[in-house]
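> Okay, here's the prediction I keep looking at, along with the sequence it came from:
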Amino acid sequence: MKLKEINRTAIQSWSPAQQHPIYLATGTSAQQLDASFSTNASLEFFELDLTEPSLDMKSCGSLSSSHRYHKLVWGPYGMDSDGHPSGVLIAGGENGNVILYDPAKIMAGETDVIIAESEKHTGPVRALDVNPFQNNLFASGGNESEIYIWDMNNFGSPMTPGPKTQPLEDIGCVSWNRQVQHILASASPSGRASVWDLRKNDLIIKVSDHSNRMHCSGLAWNPEVATQLVLSSEDDRMPVIQMWDLRFATSPFKILENHTRGVLSIDWSLADPELLLSCGKDNRILCWNPNTAEVLYELPTSSQWCFDIQWCPRNPAVLSAASFDGHIDIYSIMGGTNQAQSQRHADQISNSFGNMDPFGTGQTLPPLQLPQTAAPPLTVNPLKKPPKWIRRPVGASFAFGGKLVSLENTKQQPPSHVVHVSQVVTETAFLQRSDRLQATLSAGSFVGFCQEKIDVAENEFEKTLWSFLKANFESDVRSKYLELLGYNKEDLALKVNVDGLITQALLTGDFEGAVELCLHDNRMADSIILITKLISAVVMKDWHDILKTCDLQNWKEALAAVMTYAQPEEFSTLCDLLGGRLEAAQDAHLRAQACLSYICAGNVEKLVSCWTTAQDAHCPLSLQDLVEKVVVLRRAVEQTQRSGPAAIGILLAEKMSQYANLLASQGSLSTAITYLPDDAGQVRDTPGRGLDVSQYPPAAGGGPVYQPLQYSSSSSSAPPPAEPPGFLSQYTQPTSPVYPGHPPLSQCPSSSPPSHPPFLPSSSSSFSFSAPPSSGASFQHGGPGSPVSYMPPPPPVGFSGPQNGWNDPPALNRTSKKKVSRYTPPTPITAPIMAPLGAAQQGPSGAPQPLQSIPAEKIMKKPIPEEHLVLKSTFEGLIQKCLAVATDPQTKRKLDDANKRLEALYDKLREQTLSPAIVGGLHSIARSVESRSYAEGLNIHTHIVSSSNFSETSAFMPVLKVVLTQANKLGV
């Protein structure tokens, strides 16, 4: 679109690319007259200011001249040495003169502006060009095949490129090669072009189209391909642009045809070799892609011919066109509108009247307003392709996984479009340690890995911490812990301090040694006190109070005592208790020691929290330290408890996600995936990963499908009896066995087969017995969760041997397998049990009376251990919350039923018959309930069920799943 306009009948030349601001030099054109028929001539300089919205260009200087010009070329000679700060303007006159002007002096208003002048040519000088490699050299062409090479350092002695071409003719164009500095081309109106080699001072090739005589009006070299040039034809009969390659100079290899009349001027863009300008007698200015012969852009022009067109060297989107109607127009090929031009015309009309009062009314004329119905401004589309100068020469972008994507627009022809993808690694040490950890996980060599960490530990605490982790993979873990704390039975004999010996003997469980030391030191009272304290602490198992009240400075002694005396099922809880106190201490040293307690407890989440507080886990290597400890501890817990992967807490999941992201950013994607924690929004099918059971109905999620109200016993080949009519309970209970010669038993303390224990209601008012196993059994009193027990047959009538009380330990009575072969299967009960509690059931006619049921009020249940009370309170509280918001009667019935049937879990907690892995998993579920992470709780539930014995969990885990599912659905 048009940017600026100069009302001059003149030829033109842009200032060099090094010049700022941009200037346009104009000289009065030879053999042209304006409407005033003036014979005056001048040189003028205009500044291109694109910030100014008007079309006018500011005149910066002018010089009256006695010469008219055929050609102007502005070169950068002298700009680098400040000899000529604006370069040198070379003018070719109509009388064979070549004049060198100093533009800086002209614009400064000085008079001594001519640097040098020569009249060596014998005719008008129509061709000029400055060497792009040596800006002190330029070529000129005149009549009679005259071509001179000028050196501005020695202007008086020009040279010729070689002998004159024959026949003698005018030189219309000269152009230096853009790739090879000693190659020069010239062209004459006859259509012949000559290529000169200045090193040989000779003509090397002639180019002409013998099949078509063309009148050559323009010549230009390809800016990138040294052997290619274009020639334009001024002949209306052949308005073409021929593209030649000197390697195949017999004929043009491409012809650009779109002009309808002769082409007057061409110019090849130095900024983009795919842009070639041409103007012709058909009043059109076209922008070509010479490689495809496609017209990319057509400029809107006036109705007059344009005889000279040039690209701006500094601003590659700008061009100038000189026309025969006395205008030089400045255009942009990037598109725009003609709004500025329309406003300019309106202002000219308004200004032609001035601001006077033509009608004597005392009021000046208002500014002319364009009519609202005027045609909308013409919008010109930009180029069909982006020009090279706005294309990125190079580009780079980081992609996921530490990939660097880069591109480079090469100068080769045709251009190659290649994208390079490379891996960027910035944390080399981090990746090496991660690879070492992965190798350890694959090989299972955790002892060696821990020993390596011990050997390279930078401080004593780090060494101790890795020693504790290593102890998890060795035999007799607690003894190793004691040794690391500084307590060893074998070393006691080597010590002399009696007080210290007594203390350490107690801490290592050497009761006899402690008492002997007291007696040996004649400390009788101490020995009695020791025994009393041992009874209090060991027998009464009162370690919680000791850990809550002990001096934290003696944390080692407290931890050693726990390791010596604590039961396996409470060991982790006690270590957590001590670790919590240490972590809350004011002393930073004590806070750090909490990590050791959490390692002993196998509590990964607490270890992560404690370590994160003490260390800067944002550094990659610090995060690697944490992950190494976490991975080793988790594997140790899995091995010692023989359970599946433990559930991941929120903090650990966050750290694992950070670690996975860091691995991914370094390109280790496969390793990063293995560290991604299970998410409630993710469904994973990779080994070792659980499914998000919250997205599926109950009994789905990858684990066994449970039907809580239907059980079949595998201990007997006989099918289970049908449920008797009128049976009011929802719980399926096995029928009572009938021993040979004895009446059937009913309403006795419940026990269950080893593989499928039934659910029991919370009320203990009704019990039943199931058949004994084929291997025999001994009676052991206990509620649900106690070792499998069976009632022995009642003694025969008249038996007078000693009778055991109902709460007395029974005598061990094992039967050999040979006697089992004489065992007669029990006769099932075929009638419903309708008698009230405590009433005797009548057996078959003539049979002895059945055993009387045990009164319910005499059955005393053990209390639930204090550390497990949180499970009962949490699960019962969750059920109450669900009942408070549930509106569906069926849902309420399910929740009431679940509340009763969870008594089976509480009974097992009382008897402490659950494995540590299951107990730990139940506590994890309780923590997820407290944080309302029911989906996480369901995932933990799936882990427990899939990794434990079915007979151990079937009494309560399906019920717990129902509760969690309902809580998740109700959103309590």
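Nice, I can see it.

> give me the number of residues near Leu246?
Per other Cβ atoms under 10 Å, the neighbour tally for Leu246 reads 17. Heads up, the C-betas are built off the backbone N, CA and C, glycines and all.

> what sits against it?
Shown in contact with Leu246 (Cβ atoms under 8 Å, 6 or more residues apart in numbering): 195, 205, 207, 227-229.

> Low-confidence regions, the chain specifically.
34-36, 38, 211, 302-303, 336-381, 411-415, 489-542, 616-618, 641-647, 677-859 (pLDDT under 70).

> and which of the contacts of Leu246 is nearest Ser65?
Leu229 (33.1 Å; Cβ to Cβ).

> Validate this expectation: the closest one resides in a strand.
Yes - using DSSP: H, G, I helix; E, B strand; the rest coil, the assignment for Leu229 is a strand.

> Might one say that it is in contact with Trp244?
Yes - between Leu229 and Trp244 there is a contact under Cβ atoms under 8 Å: 5.5 Å.

> intersection of neighbour lists for these two?
Shared contacts of Leu229 and Trp244, counting by Cβ under 8 Å, 6+ apart, come down to 193, 207.

> ok so, going back, and the buried ones among the contacts of Leu246, selectable in PyMOL?
Here is the PyMOL selection string for the buried members of the contacts of Leu246, based on 16 or more other Cβ atoms under 10 Å:
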select buried, resi 195+207+227+228+229
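
> how about the contacts of Leu246 in CSV, adding distance to Gly486?
CSV is the format used below for those (distance: Cβ to Cβ, whole Å):
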residue, distance to Gly486
Val195, 96
Ile205, 97
Val207, 99
Thr227, 88
Gln228, 88
Leu229, 93
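
> closest to Ser29 among the contacts of Leu246?
Ranked by distance to Ser29 (Cβ to Cβ), the contacts of Leu246 are led by Leu229 at 26.3 Å.

> What distance do you get for the residue nearest to the closest one when sequence neighbours are not counted to Ala139?
Leaving aside its sequence neighbours, Leu229 sits nearest to Trp221 (Cβ to Cβ, 6 or more residues apart in numbering; 5.0 Å). Applying Cβ to Cβ, to the nearest Å, the value for Trp221 to Ala139 is 13 Å.

> can you list residues touching both of those two?
Common neighbours of Trp221 and Ala139 (Cβ under 8 Å, 6+ apart) are Trp176.

> burial of Lys969, as a residue count?
As a burial measure, Lys969 scores 14 neighbours (other Cβ under 10 Å).

> now the one 3 residues further on
Other residues near Val972 come to 19 when the count uses other Cβ under 10 Å.

> And Glu462, by the same measure?
15.

> tell me the contacts of the residue lying closest to it once chain neighbours are set aside?
In space, and not counting its chain neighbours, Glu462 is closest to Lys453: 7.7 Å by Cβ to Cβ, 6+ apart. Residues in contact with Lys453 (Cβ under 8 Å, 6+ apart) are 462, 466, 628.

> so who does the last one touch?
The reference is to Glu628. Counting by Cβ under 8 Å, 6+ apart, Glu628 makes contact with 433, 437, 453.

> Just say helix, strand or coil for the second one.
Just to be clear, that refers to Leu437. helix.

> Now the closest residue to it other than its chain neighbours: phi and psi?
The shortest distance from Leu437 to any non-neighbouring residue, by Cβ to Cβ, 6+ apart, is to Glu628 (5.7 Å). Glu628 adopts backbone torsions of phi -60, psi -40, taken as degrees, to the nearest 10.

> Renumber starting at 479 from here on
Okay, residue one is now 479; in that scheme the one you just asked about reads as Glu1106.

> Quickly note the distance from Glu1106 to Phe731.
Glu1106 sits 68 Å away from Phe731, going by Cβ to Cβ.

> I'd guessed His1421 sits against Ile1396; true?
No - with contact defined as Cβ under 8 Å, His1421 does not count as touching Ile1396 (10.3 Å).

> Count the neighbours of Asn937 for me.
Neighbour count of Asn937, defined by other Cβ under 10 Å: 8.
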